[in-house]
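Visitor: sequence? don't have it. structure:
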DNA sequence: TTGTTAAATGGTAATAATTACGATAATCGG
DNA sequence: CCGATTATCGTAATTATTACCATTTAACAA
């Protein structure tokens, strides 16, 4: 079992979620296809239901939501399609991403651009989060489009 | 007629779009409710169809898409709801936003955090865009939640 | 003003994604 | 192994969005 799946199951256990066959299958699929890469939720739904013909939409969507709340996967809307990727690393320090708008691949960035000068412009506001992402084509997709 | 509507109609005209009653009504609604504030597309759909009982979904969604392509409105996915706001200003310089996650209000930021140090980490990638947004509660909503 | 043409709209219905519900099944701790 | 609780399945509903096409309308020039 890949270590990423182990980490994910331990998160599930410590939050009193049961380790089911369906959840294991989804985690394995996500580790294989959605590591450092955003994958559309509908394609997850399709794949899981082809591989396990009597798995219900309900189970797939519910589990993805739960995984997201536990930090096991990261959600994103790419264009107009809901996508997820497996969390880079558990307990990793805060960082941001470059995202390939063609294939969904992500590259981690070192810097966080949030600065005091910026938040100082927001007197009276309660800042709870921020998003910083760079879009473009990854080296592979950039070559194909030349 | 508010000047924002005039600006929008001149954009439409110069791109050879027709000035219809439906488009005018939508622009007026957007200027009134979605200036410096993201409003859900479905609520636009609801309002327009209540006010003009035989306006079709088609017209509303198509016009919003066209407005977005012309830069008249800005699209955004808030949580999991598609939203739009009227464009701050036409031909304004590049900037980013604080967005209130409760009411959708936006506050413009002065700085753009994209720097050479950051893009230098992305050798081989073709950078086409970026997103920087700060989330939180605007002063009004922060007070209500205290 | 009126006629012409291209574009926009309305109405209906299809599609796609996601969620609801309730009966059954499976996990886990003891 | 057993009981309590949570998860799953299967079906169907719901919601958002788009397609299609006949009809209407805006723009523009004579």
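Guide: Structure received. Keep in mind that what you see is a predicted model, and the values were worked out from it rather than measured.
Visitor: Is DNA strand D within reach of stretch A:33-53?
Guide: Yes: interface with DNA strand D: stretch A:33-53 contributes residue A:52 (Cβ under 7 Å from any atom of the strand). The C-beta positions use only the backbone N, C-alpha and C, and glycine is treated the same way.
Visitor: In that stretch, which of the residues would be classed as buried?
Guide: A:34, A:37, A:38, A:39, A:40, A:41, A:44, A:45, A:47, A:48 (16 or more other Cβ atoms under 10 Å in any protein chain shown).
Visitor: residues touching the third one, list them.
Guide: So the one you mean is residue A:38. Residues near residue A:38 by Cβ atoms under 8 Å, 6 or more residues apart in numbering or on different chains: A:76, A:78, A:83, A:84, A:85, A:99, A:104, A:106.
Visitor: And the first one, by the same measure?
Guide: Residues touching residue A:34, when contacts are defined by Cβ under 8 Å, 6+ apart, comprise A:44, A:73, A:84, A:85, A:86.
Visitor: Can you name the residues of chain A that neighbour DNA strand D?
Guide: A:16-18, A:20, A:22-23, A:52, A:54-59, A:62-63, A:80.
Visitor: returning to what we had before: any chance of CSV for the buried residues of stretch A:33-53, columns distance to DNA strand C, secondary structure and pLDDT?
Guide: Below are the buried residues of stretch A:33-53 laid out as CSV (distance: Cβ to the nearest atom of the strand, whole Å; DSSP: H, G, I helix; E, B strand; the rest coil; pLDDT from 0 to 100):
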residue, distance to DNA strand C, secondary structure, pLDDT
A:34, 15, coil, 95
A:37, 18, strand, 94
A:38, 13, coil, 96
A:39, 12, strand, 96
A:40, 8, strand, 97
A:41, 4, helix, 97
A:44, 9, helix, 98
A:45, 7, helix, 98
A:47, 13, helix, 97
A:48, 12, helix, 98
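Visitor: of those residues, closest to residue B:120?
Guide: Closest approach to residue B:120 among these (Cβ to Cβ): residue A:37, at 22.8 Å.
Visitor: so that closest one sits right up against residue A:102, yeah?
Guide: No: using Cβ atoms under 8 Å, residue A:37 makes no contact with residue A:102, being 11.3 Å away.
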